[in-house]
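> pasted the sequence and its predicted model underneath.
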Amino acid sequence: MEKQLEAENYNTFDENGLLIPIVESSKEAPAPAVIPAAKIYWTQTILGTMLWGVSTCTYKLLDKQDFAVSCLSWTGFLFVYLVYKLYEVSQLCDVNKNTVFQIFFGQMAKKLNRYHLAFRSINFIFVIWLTILMADYSQRAEINFGIILSLNCVATAFQVIIFWIMFGEKLSKLVILGIIVTSGGTALILISKTDKTQSSLNQYSEEERMSYLHLVIFLGMLFAFTNLLRLIQAKFISTRHSYSPNQFTIDAAFICGIIQLIFSIYYFSISHPSYTWNNIGASFVASSLTQISMMTMINAIVKGLSAPTIAITNTGPVFSTLIIAVFQGLLPNVYQTIGMALCFAGVMMMILCK
């Protein structure tokens, strides 16, 4: 009983998602909600968006794209988790066994939270694997990876419709127009063909390239749907549970990393051919940047104006497109460029004009 009361003393979060103790006199009154600032945190928003674009491109450095190599992302997830939690511990005034436990496992100890963390972890393991597969097949199809990532804008279109149905969010005429514009941009990407003379690769026949193109577009749509499930879950938790978005993200990274670590131990034991130093290093950098970008963007969304911040973070594929265009020479054609621009324009309309 005493341990339970002690745990309750560290069950409140500040605006950065850090655990703070509740003084005795405030137990009967709920902690005041953190009111978002009426501004955009430009540094965090741009930094998080750029890191997302760079992290997805880093996965292209892998020389294998199977599930085994995707599990190597535990290296970055657990590293970022450990660094962040140690930072939280360093901010405590009273460091003891109980407060350290609350920092590392306080929210995970709650039964309902464990179900959400399990779902988020499995979801993110799948997202990482899809990212690796898309990076590989986009190269085989000789299409810029950033163009495929821009299909994630479809998730925003479905998001506003589902949030309108489930949470009663406003669905204005401009939002509907944004959905139509995004759909049009997606259609242009779907019907476009990459000019194979742009690339020096030309490893596959035209028929093979088209097969890979159709496959990577399907994976891109599946990627968007998987992200949509994560958005719905995040909205549900933010409206029904007192679980800080930053804490939920970092805790999910821990569970995800542990699951991947278990698989990796098995693959290490059988000397899996994908487990090379190149793949380990690339996975560590990519997964670390992915986790840092997610936490940075979420922090900017929670602390500042959420709608314009979300709209800006959706432009992450632009950075991926530029990086790949520079280093691989895969320039998007006119239809793909217009399609990507329409996708982003539609997202801006849906989010900013709510």
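Received, thanks.
> next one, pLDDT for the spatially most central residue of the chain please.
Centre of the chain computed as the mean C-alpha position; nearest residue by Cα atoms, centre = their mean is residue 294, 5.5 Å away. In the prediction, the pLDDT value recorded for residue 294 is 86.
> now do it against residue 40, distance only.
Using Cβ to Cβ, to the nearest Å, we find residue 294 at a distance of 18 Å from residue 40. Every residue, glycine included, has its C-beta placed from N, CA and C.
> can you give me the neighbour number for residue 120?
Using other Cβ atoms under 10 Å as the criterion, residue 120 is surrounded by 22 other residues.
> hmm, I was thinking of residue 157
Burial of residue 157 is recorded as 24 neighbouring residues (other Cβ under 10 Å).
> contacts only, for it.
For residue 157, the set of contacting residues under the criterion of Cβ atoms under 8 Å, 6 or more residues apart in numbering consists of 178, 179, 182, 183, 346, 350.
> the second one is in what secondary structure piece?
Same thing as residue 179. In the assignment (DSSP states H and E), residue 179 maps to helix 173-191.
> and the contacts of that helix?
Among residues not part of helix 173-191, those counted as contacts by Cβ under 8 Å, 6+ apart are 147, 150-151, 153-154, 156-157, 160-161, 217, 335-336, 338-351, 353-354.
> and the helix or strand following that helix with helix 173-191, angle?
Taking DSSP H and E as the definition, the helix or strand that follows helix 173-191 towards the C-terminus is helix 206-240. Inter-element angle recorded for helix 206-240 and helix 173-191: 150 degrees (by axes from the mean of the first three to the mean of the last three Cα atoms, to 10 degrees).
> helices and strands around helix 206-240, which ones?
helix 111-140, helix 145-149, helix 153-167, helix 245-269 (3 or more Cβ pairs under 8 Å, 6 or more residues apart in numbering; DSSP states H and E).
> again, only this time at 6 Å
helix 111-140, helix 153-167 (3 or more Cβ pairs under 6 Å, 6 or more residues apart in numbering; DSSP states H and E).
> can you list those helices in JSON lines and add mean pLDDT and distance to residue 270?
Written out in JSON lines, the entries for those read as follows (pLDDT from 0 to 100; distance: least, Cβ to Cβ, whole Å):
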{"stretch": "helix 111-140", "mean pLDDT": "88", "distance to residue 270": "19"}
{"stretch": "helix 153-167", "mean pLDDT": "74", "distance to residue 270": "36"}
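> can you classify residue 275 by secondary structure?
coil (DSSP: H, G, I helix; E, B strand; the rest coil).
> quick one: low-confidence parts of the chain?
Filtered on pLDDT under 70, the chain yields the residue ranges 1-38, 167, 169, 192-202, 235, 238-242, 305-308, 352-354.
> quick one on the thing from earlier: tell me the angle the helix holding residue 179 makes with helix 153-167.
Taking the same axes, to 10 degrees, one finds helix 173-191 and helix 153-167 inclined to each other by 140 degrees.
> ok, which of the helices and strands packed on helix 206-240 comes nearest residue 211?
In terms of Cβ to Cβ, the element of the helices and strands packed on helix 206-240 nearest to residue 211 is helix 111-140, at 9.0 Å.
> name the element residue 52 belongs to?
Secondary structure from DSSP H and E places residue 52 in helix 42-58.
> which other helices and strands does that helix contact?
Applying 3+ Cβ pairs under 6 Å, 6+ apart, one finds that helix 42-58 makes contact with helix 277-303, helix 306-313, helix 316-328.
> just checking, what packs against the last one?
Helices and strands touching helix 316-328, as assessed by 3+ Cβ pairs under 6 Å, 6+ apart, comprise helix 42-58, helix 145-149.
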